[in-house]
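J.: structure here, sequence nowhere to be found:
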């Protein structure tokens, strides 16, 4: 027995080494698989997520205009839902949320709507703004004074057709002032940001016809009171629509949207200087881009159709990710350097978390566990084989 026990010592060492190797291999698999995922959330009707933010607790908040707000943890597991919808979403300083949209999708009149909820999703107040016709808010920002600004369109208040509409409120949603911009065209704002000088940049579309044909990207720069400083239009083919604008680190602007005719759309992105002068423009194949972000390397990531596209600072494609979604409407960079995406899949909200290269594994959630079991089984077989050899000797 002494000889046998002595021979077993290397085998025990092999076993302990195998356990260590199993943990070494399995731990990254578990961590990696938990940090990249996709989830769907069903509501009362045909749902599609439009707005997405990362919350202070590391989770996510996502909403769409069909009356659904979803709060998740960092892995996309639902913490709570509420029957509030919106086209745009911001986190508030008290831990709650504000949502902007419109009161009715089809009925006229429809008013712009601003809803404030607390950190648990309980309604605090609900404000509407509008006139005798159809009015809509597509974009919402917090202002430096603690209030809010909304941008969209109005067909009320003497608008010739549709005018681009900017509304400024206090912290309780009471209107302080509003401005309209437009003329005989069909004008609408789709994106609003507060610029580094305290003013506003509005991106939208200036259409020549009500059926959204022969439109152009439209940028309007204002001061903090909504007074227009300059405006520029940009066209590429037959019809262009701007859906998202950001201020870039060089003081200019990047705008994402679509170019094409009717349903034949290509993703269209432009880069301008601080005065709206065009620096470059690019198209990226079929799709409509609703969201764009700038990265620390000077490049951009934007979502269009069911794709996520990474470019360099000049708009040249670096990589493209394609996903099992009908459409992607929002992308944000997460605190770990990856990306969170929100959109729609088969009539449900779709939310996904990728790594820094836009990757989501195309295998079931139980696959990492299967990999771990296979590794453990292989290591056990090796150990038993070596043990048998030791005993035989």
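T.: Cool, got the structure. If you're wondering where the values come from, they're calculated on a predicted model, not measured in any experiment. Numbers count the residues shown, from 1 in each chain.

J.: can you give me the helices in the protein?
T.: Using DSSP state H, the helices found in the chain span residues 2-35, 367-392.

J.: comparing the ones you listed, which yields the minimum mean pLDDT?
T.: Mean pLDDT is lowest for helix 2-35 among the helices of the chain, at a mean of 49.

J.: give me the beta-bridge partners of the closest residue to residue 279 other than its chain neighbours?
T.: Using Cβ to Cβ, 6 or more residues apart in numbering and skipping residues adjacent in sequence, the residue nearest residue 279 is residue 271, 4.7 Å away. For every residue, glycine as well, the C-beta is placed using N, CA and C. Counting by DSSP bridges, residue 271 forms beta bridges with residue 254, residue 280.

J.: how close does residue 271 sit to residue 96?
T.: The spacing between residue 271 and residue 96, counted by Cβ to Cβ, to the nearest Å, is 35 Å.

J.: check residue 117 too.
T.: Per Cβ to Cβ, residue 117 is found 6 Å from residue 96.

J.: of those two, which one has the most company?
T.: More crowded of residue 117 and residue 96, by other Cβ atoms under 10 Å: residue 117, with 21 against 16.

J.: mind listing what that one touches?
T.: Residues in contact with residue 117 (Cβ atoms under 8 Å, 6 or more residues apart in numbering) are 69, 82, 84, 96, 97, 98, 99, 123, 124.

J.: now these: which count as buried?
T.: Buried members of those, counted by 16 or more other Cβ atoms under 10 Å: 69, 82, 84, 96, 97, 98, 99.

J.: before we move on, the earlier item: shared neighbours, residue 117 and residue 96?
T.: residue 124.

J.: can you tell me the distance between the two ends of stretch 168-179?
T.: Taking Cα to Cα, to the nearest Å, stretch 168-179 runs 9 Å from one end to the other.

J.: so what touches that stretch?
T.: For stretch 168-179, the surrounding residues in contact (Cβ under 8 Å, 6+ apart) are 114, 116, 125, 127, 129, 143, 145-150, 165-167, 222, 225-227.

J.: pass me the low-pLDDT residue ranges in the stretch 151-300 of the chain, would you?
T.: Counting by pLDDT under 70, the stretch 151-300 of the chain contains low-confidence ranges at 158-160, 208-214, 262.

J.: surely residue 275 and residue 230 touch.
T.: Yes. Contact status for residue 275 versus residue 230: in contact at 6.4 Å, counting by Cβ atoms under 8 Å.

J.: what bridges to residue 151?
T.: Residue 151 forms beta bridges with residue 139, residue 166, as assigned by DSSP bridges.

J.: so what's it up against?
T.: So, once contact is read as Cβ under 8 Å, 6+ apart, residue 151 ends up touching 137-139, 164-167, 189-192, 200, 202, 204.

J.: quick one: distance of stretch 182-189 to the chain centre.
T.: 27 Å (Cα atoms, centre = their mean, to the nearest Å).

J.: and if you look at stretch 219-238?
T.: 24 Å.

J.: what lies in contact with that stretch?
T.: Applying Cβ under 8 Å, 6+ apart, the contact partners of stretch 219-238 are 164, 166, 168, 177-179, 181, 189, 195, 197-204, 206, 213-214, 216-218, 240, 242, 245, 253, 255, 259-261, 268, 270, 272, 275-278, 281, 283.

J.: just the buried ones from these?
T.: Burial by neighbour count, 16+ other Cβ under 10 Å: within the contacts of stretch 219-238 this picks out 164, 166, 168, 178-179, 181, 189, 195, 199-204, 206, 216-218, 240, 242, 245, 253, 255, 259-260, 268, 270, 272, 276, 281, 283.

J.: out of those, which sit inside strands?
T.: Cross-referencing the buried ones among the contacts of stretch 219-238 against strands under DSSP state E gives 164, 166, 168, 178-179, 181, 189, 200-204, 206, 216-218, 240, 242, 245, 253, 255, 259-260, 268, 270, 272, 281, 283.

J.: residue contacts, residue 257?
T.: 190, 203, 205, 217, 240-244, 267-269, 288-289.

J.: mind listing what the nearest residue to residue 118 once chain neighbours are set aside touches?
T.: Spatial nearest neighbour of residue 118, excluding adjacent residues (Cβ to Cβ, 6+ apart): residue 96 at 4.4 Å. With contact set as Cβ under 8 Å, 6+ apart, residue 96 has these partners: 116, 117, 118, 119, 124.

J.: what's the neighbour count on the first one?
T.: This points to residue 116. Neighbourhood size, residue 116 [other Cβ under 10 Å]: 20.

J.: what's near enough to touch the residue lying closest to it once chain neighbours are set aside?
T.: Counting by Cβ to Cβ, 6+ apart, residue 116 lies nearest to residue 124, which is 4.5 Å off, once chain neighbours are set aside. By Cβ under 8 Å, 6+ apart, the contact set of residue 124 is 96, 116, 117, 118.
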